[in-house]
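K.L.:
below are the sequence and a predicted model for it; my questions follow.
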There are 2 protein chains.
Amino acid sequence: MEEKFLITFEEEVPKYIQIANNIKKLIDNKEIKDGEKLPTIRALAKVIGVNNVTIVNTYKKLKNEGYAFQKVGSGTFAKRKDIVPIFNREYSKYFKKIKQDELFNIIDFAGETQSEVYFPIEEFKSIINMVLDRDGANALIMQEPLGYEELRKTINKEFWKNRLSIENILIVSGAQQGIDIASKAIININDNVIVEKPTYGGALSVFKWRRANIFEVNLEEDGIDIVAFEEILKKNKIRCFYTMSYFHNPTGISYSKEKKLKLLELAEKYDFYIIEDDYLSELIYESEIVHEPFKKLDKNDRVIYIKSFSKIFLPGIRLGYIITPDIFRESLQNSKINTDIATSTLMQRALELYIKEGYFKGHIGFLKDEYKKRYELMGELIKQELGEFVRFIDPKGGLNFYLSLKEKNITSKSLFYKLKSKGVYITPGVIFYRYPKDGDYSFRIGFAQVNEEKIKQGINLIREELS
Amino acid sequence: MEEKFLITFEEEVPKYIQIANNIKKLIDNKEIKDGEKLPTIRALAKVIGVNNVTIVNTYKKLKNEGYAFQKVGSGTFAKRKDIVPIFNREYSKYFKKIKQDELFNIIDFAGETQSEVYFPIEEFKSIINMVLDRDGANALIMQEPLGYEELRKTINKEFWKNRLSIENILIVSGAQQGIDIASKAIININDNVIVEKPTYGGALSVFKWRRANIFEVNLEEDGIDIVAFEEILKKNKIRCFYTMSYFHNPTGISYSKEKKLKLLELAEKYDFYIIEDDYLSELIYESEIVHEPFKKLDKNDRVIYIKSFSKIFLPGIRLGYIITPDIFRESLQNSKINTDIATSTLMQRALELYIKEGYFKGHIGFLKDEYKKRYELMGELIKQELGEFVRFIDPKGGLNFYLSLKEKNITSKSLFYKLKSKGVYITPGVIFYRYPKDGDYSFRIGFAQVNEEKIKQGINLIREELS
C-alpha cells in the first residue's frame, strides 16, 4: 500500500469525501491508472486509519461519479474521466489533417472509405436528378424523423423479404449515429455493457460517454468466448452486448451459427439485448461464409440491428438504418429526433431509387470483384512476406487483416510512427481496446484505399520495419 | 407526512437502500410527482424511525441514480426517470403521423418548417448539378469531420467578416445536432445547467439525457431575469446557460444589449459557458431590432454559438454550424465524430455555392418579405380577435406568437385537443417547461406553414373555442 492514499483530514468535510477527492486527483494525475484495481476496503481503511464504512462510502461516491466501477467478486477499479485516450486523439488528428491530394502520395492501410474511382458518380448523378424532377421541392424540404417511407419499404423488400414491419425500421445517418442513438435509447449510467475484445473504437467512445460499465470478452475464431461471457452474466445484470457479427472490426472474424444461436438464447435467459453492427457483410469472398445475421435468427426480439450504407458502398451519403425491437421502437425514434430531428431527405430518396432500380446490387457485385483481388493479394503477401513476424486469421471477407506480432519487440504505436514517417499508415491495436495497452502488439491493415501496387509497396515497408 | 414512506425492513439489505428503493417506486408510479419536494431529512428519519444519516445516504443514492436533485438552500426534489413527458410523446406522434397530403387540409400553426412553395428548388437543383460536375465523386465520398473546408471559409467570410478562425467552425446536421454535440462535449452527469423558462423542448430533452440538473429562470421582455439568474450562480456551480438570443422559442422575446453584456460578464465571473442558439435571427421585421448575438460581443471566449440553415431557409438539407471556444474545440470535434462521423458532403458543397453565389441572401430577403406580411396579419388578428382572451409580446421578428390566457378556464392541452378536432394545430405551452404544468395556460401559434387565408380561418376557430 502506497503513501499516496494518505491525507491530512480537514475538520469540516466528511472524511469519505476527502478520501474520495484525493483518489480522484490520483486518477486524474494518472498516479492511479485507468482500470487499476483499488485497494480492498479493509486494507485502505487500515492504512488511512478510518472505519471500513468510511471507505465503503468513498468507493460508492467514486462509483457514482464515474471514477470507479465494480466487478462483482473481484473488487473496485479506477475509471478515468478522460473520454478519449491520448493516442487515439493524436491518431485521429492525423486523419483529420490529411488532405485529399496527399492521399495520392501515401499508402493508406488505415482508411476504411473506398477510393474515389469506385464511386458510381454518373449513375448517382442521374439518380439525383431523377429524384429532383420527380419530387420537386419535397425532395429537399420533407423532414421525416423515421426516415423516407419509400426507402423503409424498399429496405424491407430488398433486404428482408418483407418480413419486417416498416414501423421498426428507422433511417439514420450512418452506423456511428445508429450506435449513438441506440445507446441513448437503452443505456443508462452505470448500466453494464459487454463488448468484444478488441472492438470498434467509435462504439467504445459512445458507451464511455453514456458512462456505462464496459466488460470486455475475448474473441475466439468463431465468435466471442461463450464461457467467459456467461460467467459475467451470472454475476452481473447486463443491459446489452455490442457485436459485429461479420468481418469483425478489427479482427476480421465472423460468428458461427452455433454461437449466434447460443447468444440469442442467453439474451432471453439473462434478459439483455444485442446491438448488432452488421459491418461489411456484403463483402463475402468465400462461399463457406453465409450471411445470416443475429437479427435473422432473432425469435424473441432481442436484437437491435444497425446497417450502414455509407461505410463503403456509398461513402459521403451518410445513410444507414436501425431495425428496432418493438419494445424500443418509441425510445429509438425519440432518440433520433432529439439527436438531429431527421436525416437529409434528398439522399434518402436517391438511395431508394438507386436500390430499387437495381444499381445497388450491381455496384456491390462490382466492388466485391475488385476487393476480392486486393484481399487475395494482401493475404498472400502477408503470408509470404510477414509470416515469420505475425499471426493472423483469414477473414474471408471484409476489408481488413488483423496482425499480431509473434515477438513483442516493437509496440504497435512505435510501428505506427515509424511507418508513418515512410508514408505508410496502419491502425495500431491500441484504439480497439478499453485498456489501450492490450493492443500494444497488434495492428490492422486494410485494402479499401490502396491499389495492388501500393499493397505490394506497403507490405514491403512493413517487412523492412519488422526485420 | 404520508404513510407511503413507511416500509417493513428486510434484514439483509442496508436500510438506506430499502428506503431509496421504496421512493424510486413511488416516483415511478407517480405517487411522488416529478419535481415534488421530498420531506426534509429530519422529518423523514423521524417518520420511518431511522437515524438522520440513513436518510442522508438515501437521498445521496437517489441523487446519484438520477431520481432526485438538490437545490442548495431549498431541499431535495424528486426527478422522474421518464425522459419524455407523456403529452410530449403524444404531441410528437401527431406530427410523425401527418402525411404531406393532409397538410393541405389542416391549419398548421404548430409547424416550423417553411411551406414547399417557398423553396428555391430550381436554383438549388442547378447548384447541385454544378457541384456534381465540378467535384465529381468527391462531391459524394469525401468525409470531413469538421465539415467541408470551403463552406467553413464561406461562413466566416459572409457571416463573420473573417473574424473567426475556421478551425473553430464545425459543420453539423442542424441545430438539434448542435445542441446534442455541445452537450456531450461539455456537460457531465449532475452538472448544473440554466435554461430560460420557457425554453425549446428539444434542448430540454438533450439536457435531461445528459442527466444534468436543470434550473429554469423566468424571461422578462428584454431577456432573462438577471437577479434570479445571479442568485442561482451564487449558490450553485453552473456549467452552462442555454439561450435563444433572438425571437426566443416559444416566447418571441429578444435580448437587450445590456442583458447580453451583463450575462457575458457573469459567465466570466462565475466561470460558466453560454450555449447560444441563434434561432431565426435573419427574420427581423422591425428596424429597432439589431442583430448582435452573444458571440459577437464575446470577448472571453465564453460562447458556443449554434446556427441552423435547415430550420427555415432550406429545410431538409439538415445543415448548421457551431462556433466553438478554443477550449472546447477538440472535445466538440470528437463529439461530432462519435455522433455520426461527418455530415453529408454534397449538401455542404451545394450550400457553400448557394451562399457564395449570393442566392442565400436573395432567398432570405424574399422570405423576409413574405413572412412579414403574415406576421403583420397574424399580429393584427390576435389583437382584434383574441385580445380579450390573451396577453402576448410582439416579437418583431421570427415566426411565432406566444399567447397567455388571461383567464385560466381552459388548459392549453384541452385547447390543443379541441382545436385539433377542427383541423387547427397549435403548440401547447406544456412542452416548453421542465415541469409541464407551468405551460398549462399558454400556447404558441406560428405562421411558417399557413397562408393568409388559413391564418384568418385559424384565428377565428381559436376565437370560437375561447369565447
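P.N.:
Perfect, thanks for sending it.
K.L.:
which neighbouring elements make contact with the one helix or strand A:V217 maps to?
P.N.:
Assessed by DSSP states H and E, A:V217 sits inside strand A:213-220. Judged by 3 or more C-beta pairs under 8 Å, 6 or more residues apart in numbering or on different chains; DSSP states H and E, strand A:213-220 is in contact with strand A:68-71, strand A:192-197, helix A:201-209, helix A:226-235. Quick note: C-beta positions are derived from backbone N, CA and C, even for glycine.
K.L.:
what separates the longest one from the chain centre, distance-wise?
P.N.:
Per C-alpha atoms, centre = their mean, to the nearest Å, the displacement of helix A:226-235 from the mean C-alpha position of its chain is 21 Å.
K.L.:
what angle sits between that helix and strand A:213-220?
P.N.:
For helix A:226-235 against strand A:213-220, the angle by axes from the mean of the first three to the mean of the last three C-alpha atoms, to 10 degrees is 160 degrees.
K.L.:
for the longest helix belonging to chain A, list the C-alpha coordinates in PDB.
P.N.:
With secondary structure taken from DSSP state H, chain A has its longest helix at helix A:359-381. Provided in PDB are the C-alpha atoms of helix A:359-381 (Å, rounded to 0.1, in the frame of the first residue of the first chain):
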ATOM      1  CA  TYR A 359     -28.000  -0.200 -59.200                       C
ATOM      2  CA  PHE A 360     -27.100  -1.000 -55.700                       C
ATOM      3  CA  LYS A 361     -26.800  -4.800 -56.300                       C
ATOM      4  CA  GLY A 362     -24.800  -4.100 -59.400                       C
ATOM      5  CA  HIS A 363     -22.400  -1.800 -57.500                       C
ATOM      6  CA  ILE A 364     -21.900  -4.300 -54.700                       C
ATOM      7  CA  GLY A 365     -21.100  -7.000 -57.200                       C
ATOM      8  CA  PHE A 366     -18.600  -4.800 -58.800                       C
ATOM      9  CA  LEU A 367     -17.000  -3.800 -55.500                       C
ATOM     10  CA  LYS A 368     -16.800  -7.400 -54.400                       C
ATOM     11  CA  ASP A 369     -14.900  -8.400 -57.500                       C
ATOM     12  CA  GLU A 370     -12.500  -5.600 -57.200                       C
ATOM     13  CA  TYR A 371     -11.900  -6.000 -53.400                       C
ATOM     14  CA  LYS A 372     -11.500  -9.800 -53.700                       C
ATOM     15  CA  LYS A 373      -8.400  -9.300 -55.900                       C
ATOM     16  CA  ARG A 374      -6.900  -7.000 -53.300                       C
ATOM     17  CA  TYR A 375      -7.900  -9.300 -50.500                       C
ATOM     18  CA  GLU A 376      -6.200 -12.300 -52.200                       C
ATOM     19  CA  LEU A 377      -3.100 -10.300 -52.900                       C
ATOM     20  CA  MET A 378      -2.800  -8.900 -49.500                       C
ATOM     21  CA  GLY A 379      -3.400 -12.200 -47.800                       C
ATOM     22  CA  GLU A 380      -0.800 -13.900 -50.000                       C
ATOM     23  CA  LEU A 381       1.800 -11.200 -49.300                       C
END
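K.L.:
can I get the helices and strands packed on strand A:213-220 in CSV including distance to chain B and mean pLDDT?
P.N.:
Listed next are the helices and strands packed on strand A:213-220 as CSV, based on distance: least, C-beta to the nearest C-beta, whole Å; pLDDT from 0 to 100:
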stretch, distance to chain B, mean pLDDT
strand A:68-71, 13, 81
strand A:192-197, 15, 96
helix A:201-209, 5, 89
helix A:226-235, 18, 95
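K.L.:
roughly how far apart are A:N105 and A:Q457?
P.N.:
Note on A:N105: its distance to A:Q457, by C-beta to C-beta, to the nearest Å, is 12 Å.
K.L.:
so these two - more neighbours on which side?
P.N.:
Taking neighbours as other C-beta atoms under 10 Å in any protein chain shown, A:N105 and A:Q457 compare with A:Q457 leading, 15 against 8.
K.L.:
excluding covalently adjacent residues, which one is nearest to the more buried one?
P.N.:
Leaving aside its sequence neighbours, A:Q457 sits nearest to A:I107 (C-beta to C-beta, 6 or more residues apart in numbering or on different chains; 6.0 Å).
K.L.:
output the below-cut-off pLDDT ranges for the stretch 101-250 of chain A.
P.N.:
A:101-103, A:114-117 (pLDDT under 70).
K.L.:
surely A:T339 meets A:Q176?
P.N.:
No - with contacts counted by C-beta atoms under 8 Å, A:T339 stays clear of A:Q176, the gap being 11.3 Å.
K.L.:
with adjacent residues omitted, what lies nearest to A:T411?
P.N.:
Nearest-residue entry for A:T411: A:D440, 4.7 Å, with adjacent residues in sequence omitted and distances by C-beta to C-beta, 6+ apart.
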